[in-house]
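Enquirer: this one's sequence-less:
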């Protein structure tokens, strides 16, 4: 990791910015909050550039950082630093990314929200970030076997929640492209 | 339907949008701002001497605030393991912190003092909330970097004789800040803080005890206006797959026959009504007018 840290950070930033922004937008109720998460995540990467792994593992490492940043980012806590002003302005002007937060009324959404944070994160890492078990293990800093077991349990709890809600989930709810 | 359909935006949306372009003004400005900062070692140095100094100050504070301190000389952080004062009782082990809020109305400095006594730097603020949440605690959250592979989880301890009880689990090496908020009475018309707990805790089927869920806008509007409340609307539209989208709209978009799905307080003088056309499939699945009673 003896390469020029500035150059390396730029490479990482340029290759992962969209993924991290998407991750944050999908999990923050407000686009402005998402900019905070993106800023904090890449700030951590800048400070710890020597620890950022090479290749696609950098993206997974950043997901792990973003996940922890998000966990600490309360909805009511707004930093909105000057350095994200331009990005916030762009998002506000975007008809797609900057649309106001909407409530999700679907029963599947309710069941998903009723799960624990850990279960929900596992399932959305699969469904929203298209990560496999190995990649999830990297994001969470756990073994692949542990990730597989946790994902299996999360899916079972999701299935139970859907059944309890009277949703016939077989063939109707897909995770990772596979129906439950 | 697919869980993927619940995502607010997809990566394709991000890639197509100017804000999602790494070459865009926002992304570049952020990158340059980050890189303008001096790179510092990520690891926060052990603050043994600092903590010991705090311990001394904390012990001095004990005499002034009748706090209870147990277990001096915690080896990892060089601090106490238990501390209690009028505001909060804390018990810290290697990897978790048990929190019992004794008096949510206590001065914020009293909270800060307690957290510092167990080796944690705390930030306490007060946020505007609906009356029923005044005095409740939101958080605590950990602010700062966590070592890779660690996380934060909260475990409510069930029925609690105090204002708030819970357990916060975090990394052994965590040296960042603890941030917590305490609900305060909002000023007239002041928007309530957007904390998730507000939505989860507040009854979404009634307005100050007046049932609105399932009723038509024509039914509830006069009563809410009689109570001096202003109304903001979110128009819900269901999709064939069972999902739905809510859009904030002006009153001109709302028809008298629209039904109320849910409500939430916005401020002391304003409520938000989520309404849906009676013909919408989501209405049949979600709202049962017959279940409302007064």
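Expert: Yes, it's here. Note that the coordinates shown come from a computational prediction; the quantities given were computed from them, not determined experimentally.
Enquirer: which other helices and strands contact whichever helix in chain A runs longest?
Expert: Counting residues, the longest helix found in chain A (DSSP state H) is helix A:5-27. In terms of contacts (3 or more C-beta pairs under 8 Å, 6 or more residues apart in numbering or on different chains; DSSP states H and E), helix A:5-27 is packed against helix A:31-47, helix A:57-71, helix B:11-16, helix B:25-35. Where you see a C-beta, it was placed from the backbone N, CA and C, and this is true even at glycine.
Enquirer: mind listing the helices for chain B?
Expert: B:11-16, B:25-35, B:48-65, B:108-117, B:196-201, B:217-226, B:281-286.
Enquirer: And those, which one averages the lowest pLDDT?
Expert: Mean pLDDT across the helices of chain B is lowest at helix B:48-65; the value there is a mean of 26.
Enquirer: who touches stretch A:6-23?
Expert: A:1, A:34, A:38, A:41-42, A:45-46, A:49, A:52, A:58-59, A:62-63, A:66, A:128-129, B:9-11, B:13-15, B:19-22, B:27, B:31, B:34-35 (C-beta atoms under 8 Å, 6 or more residues apart in numbering or on different chains).
Enquirer: Could you pick out the buried ones from the residues you listed?
Expert: Among those, those buried by neighbour count (16 or more other C-beta atoms under 10 Å in any protein chain shown) are A:34, A:38, A:41-42, A:45-46, A:49, A:52, A:58-59, A:62-63, A:66, A:128-129, B:9-11, B:13-14, B:19-22, B:27, B:31, B:34-35.
Enquirer: And the residue nearest to residue B:97 when sequence neighbours are not counted, how far from residue B:88?
Expert: Nearest residue to residue B:97, sequence neighbours excluded (C-beta to C-beta, 6 or more residues apart in numbering or on different chains): residue B:168, at 4.6 Å. Using C-beta to C-beta, to the nearest Å, residue B:168 is found at 12 Å from residue B:88.
Enquirer: Show me the common contact partners of these two, please.
Expert: What both residue B:168 and residue B:88 touch, as defined by C-beta under 8 Å, 6+ apart, is the set residue B:99.
Enquirer: higher neighbour count, the two?
Expert: Higher neighbour count among residue B:168 and residue B:88: residue B:88, with 28 against 23, using other C-beta atoms under 10 Å in any protein chain shown.
Enquirer: ok, that one - contacts?
Expert: So residue B:88 contacts B:99, B:100, B:101, B:102, B:103, B:106, B:110, B:111, B:114, B:115 (C-beta under 8 Å, 6+ apart).
Enquirer: Would you confirm that residue A:53 contacts residue A:61?
Expert: Yes: with contacts defined as C-beta atoms under 8 Å, residue A:53 counts as touching residue A:61 at a distance of 5.5 Å.
Enquirer: between the two, which one's more packed in?
Expert: A direct count of neighbours by other C-beta under 10 Å for residue A:53 and residue A:61 places residue A:61 higher, at 23 against 14.
Enquirer: Next, find the distance separating that one from chain B.
Expert: For residue A:61, the distance to chain B equals 7 Å [C-beta to the nearest C-beta, to the nearest Å].
Enquirer: On the pLDDT front, check residue A:123 for me.
Expert: pLDDT at residue A:123 comes out at 90.
Enquirer: Tell me which residues touch it, please.
Expert: Contact analysis of residue A:123 by C-beta under 8 Å, 6+ apart lists A:112, A:115, A:151, A:154, A:155, A:158, A:175, B:3.
Enquirer: Before we go further, residue A:123 is sitting in a strand, right?
Expert: No: using DSSP: H, G, I helix; E, B strand; the rest coil, the secondary structure at residue A:123 is helix, not a strand.
Enquirer: mind showing which ranges of chain B have poor pLDDT?
Expert: Under the criterion pLDDT under 70, the flagged ranges of chain B are B:1-2, B:39-80, B:95, B:139-164, B:166-167, B:169-176, B:194-202, B:239-244, B:284-294.
Enquirer: Domain-wise, how is it divided?
Expert: With domains defined by automatic domain parsing, chain B comprises B:48-185, B:203-288.
Enquirer: Quickly note the distance from the residue positioned nearest the centre of chain A to residue B:28.
Expert: Centroid-nearest residue in chain A, with C-alpha atoms, centre = their mean: residue A:23, separated by 3.9 Å. Residue A:23 sits 20 Å away from residue B:28, going by C-beta to C-beta.
Enquirer: Thank you, goodbye.
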